[in-house]
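Visitor: Quick one, fold the following:
(chains A, B and C)
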Amino acid sequence: MIALVDCNNFYVSCERTVDPSLNGKPVIVLSNNDGVVISRSNEVKALGVPMAGPIYMHRDLIKKHDIKCFSANFNLYMQLSEQVMSVVRDFSPEVEVYSVDEAFIDMNGLEWKKPEQYLRGLRNRVSIEVGIPVSIGIAETKTLTKVAAEFCKKDPSLEGVLNIYGDPKRNDYLRSLPVGDLWGVGRKFAAMLIEQYNIKTALELISQPDKWILDHLHIGGLKMVWELRGTPCIPVEANLSPPKQIMRSRSFGRYVKTLPELKEAAALFMGMACESLRAHNLVAGIAGVFIHTNRFNQDEKYSNSINDSLSQPTSYTPNLIAHVHRLLEQIYREGYKYQKLGVILTDLAPAKEMQLNFYTDEDTLRKNEAVMNTFDKLNTKYRTNHLIMLAAEGTEHSWRSKQEHLSTDKPVFVDPAERTRFMTTNSLPSKTSPLKSTKHDSAFDPAQQSRALGKQVAERMMSRD
DNA sequence: TCTGGGGTCCTAGGACCC
DNA sequence: TCTGGGGTCCTAGGACCC
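Guide: Take a look at the predicted model:
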């Protein structure tokens, strides 16, 4: 028995914990450059605004229905995700955190606990302690829990939990499920199944012979189909494995033409990637960079990527920045308006198993490691990525993403008692309530804030030493 | 005018080996 | 005129996920 805990409209729900007056109102969360819809409230879904579509096509609808739009605030979403997951872990040690808003629970050994009742308790605790609504599906396989959670969201009378484990009516659900809504069937496969083979529902798909599935949807598709028939093929993996690749990329807030500006962006993104690399105690053997112009602009198109192995695997930011700067010089072409740049680290290996080469100067290695250690400690301690940075990363970043509708960057603390009161009375919180949102004001500048913080820290350290 | 970011896995095909 | 068979490894690209 497996359960899936799935947060409803996660990013929108996060914004609503900051500002509960958004409850019941149409709300959208936008991608990094405020260009694309990445989360919608139920009210917005009902209005027909599609997921992952460009927002500018819905200007009129936004105005007409007074839809509230927010820039993505991933710091906030990560914090709330961690809170949700920590409640989930209270209910079982066997948890696979599958994404920012989803977790699978291995329920084996918990069947006797009356799963619906037990997990309804989980749902209520997440709701009260974190303020995020979740839907929970229970079934024999991961793919079936996805189906259950999907139906659960659409039927409020289920109170957030649908158990289809051993349910003889399982195929009734599959009969009414469009093939494109399946976990493992994306746009391309859905179009092929419907247009070429007239296979429209999940039930029609699982009625095909294995050989046909293997030929058309490959091994991943066959696993999915077996899972829909009730045979587990995708295990719950409670132990998370280290990443195989780390990438940092952004679309620019404006077009960028010059090599120095691209280098600045590459350095900044590499700084971020390296931080993650070291947080996982890994080193990279290969690093690369890619750039491209606006892919929707047919007149002028250029995109290129390049990567190369390092003479010595490392997580030392200065070396990796120098490496991608050299690579960037090779693919940069003058005269183009660049829209996006990204850096990629691959061939990752545990830092403690690092291979040295014949020429490696171990003394330098140790010194570099100590520098990065101190670097990370300070940036972690003061909860900012920009307390200390490399000069190559620049300070102005005039090309950075638009984020014109940020809610708040400050950590959110909500007193559970206060939330309970809010939920039961359903009244708006008073002005002094901790639920009150910290509105983004235009004077708030993260860069300036961190410079001020940096100054404070520097003064403190100097007075001490 | 305006179109995200960060991942995983699988497959086909090419290079190379003997 | 006539040109094998059996492998491995790597990479780019395509599918998928949230």
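Visitor: all strands for the stretch 1-150 of chain A, in order.
Guide: Applying DSSP state E, counting those that start in this stretch to the stretch 1-150 of chain A gives strands spanning A:2-7, A:27-30, A:37-40, A:68-71, A:95-99, A:102-106, A:134-139.
Visitor: Give me the contact list for the second one.
Guide: Residues from elsewhere that reach strand A:27-30 (Cβ atoms under 8 Å, 6 or more residues apart in numbering): A:11-12, A:15-16, A:36-41, A:43-44, A:49, A:55, A:62, A:67-72, A:405. Any C-beta I mention is one placed from the backbone N, CA and C, and that applies to glycine too.
Visitor: Would you mind giving the strands of the stretch 1-150 of chain A as a markdown table with mean pLDDT and distance to residue A:173 added?
Guide: Formatted as a markdown table, the strands of the stretch 1-150 of chain A follow (pLDDT from 0 to 100; distance: least, Cβ to Cβ, whole Å):
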| stretch | mean pLDDT | distance to residue A:173 |
| --- | --- | --- |
| strand A:2-7 | 98 | 14 |
| strand A:27-30 | 97 | 29 |
| strand A:37-40 | 97 | 24 |
| strand A:68-71 | 96 | 34 |
| strand A:95-99 | 97 | 21 |
| strand A:102-106 | 98 | 19 |
| strand A:134-139 | 98 | 10 |
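Visitor: The contacts of strand A:27-30: which ones sit near DNA strand B?
Guide: Applying Cβ under 7 Å from any atom of the strand to those, one finds that A:36, A:38 fall near DNA strand B.
Visitor: ranges for the helices of the stretch 101-250 of chain A?
Guide: Along the stretch 101-250 of chain A, counting by DSSP state H, counting those that start in this stretch, helices occupy A:115-129, A:142-154, A:170-175, A:187-191, A:197, A:202-206, A:210-228.
Visitor: Any buried residues in the second one, and which?
Guide: Burial within helix A:142-154, assessed by neighbour count using 16 or more other Cβ atoms under 10 Å, is assigned to A:142, A:143, A:144, A:145, A:146, A:147, A:148, A:149, A:150, A:151, A:152, A:153.
Visitor: if we take the residues you listed, which one ends up nearest to DNA strand C?
Guide: residue A:146 (6.5 Å; Cβ to the nearest atom of the strand).
Visitor: that older thread, give me whichever of the helices of the stretch 101-250 of chain A is most buried.
Guide: helix A:142-154 (a mean of 22; mean count of other Cβ atoms under 10 Å).
Visitor: ok, for residue A:228, nearest residue in space, not its chain neighbours?
Guide: residue A:206 (4.9 Å; Cβ to Cβ, 6 or more residues apart in numbering).
Visitor: Tell me who's in contact with that neighbour.
Guide: Taking Cβ under 8 Å, 6+ apart, one finds A:174, A:225, A:228, A:229 in contact with residue A:206.
Visitor: What is the burial count for whatever residue of chain A ends up closest to DNA strand C?
Guide: Using Cβ to the nearest atom of the strand, the single residue of chain A nearest to DNA strand C is residue A:186, 2.4 Å away. Using other Cβ atoms under 10 Å, the number of residues around residue A:186 comes to 10.
Visitor: Report the separation between it and DNA strand B.
Guide: Note on residue A:186: its distance to DNA strand B, by Cβ to the nearest atom of the strand, to the nearest Å, is 10 Å.
Visitor: contacting residues around the residue nearest the centre of chain A?
Guide: Nearest residue to the geometric centre of chain A (Cα atoms, centre = their mean): residue A:100, 5.5 Å. Going by Cβ under 8 Å, 6+ apart, residue A:100 touches A:10, A:77, A:78, A:81.
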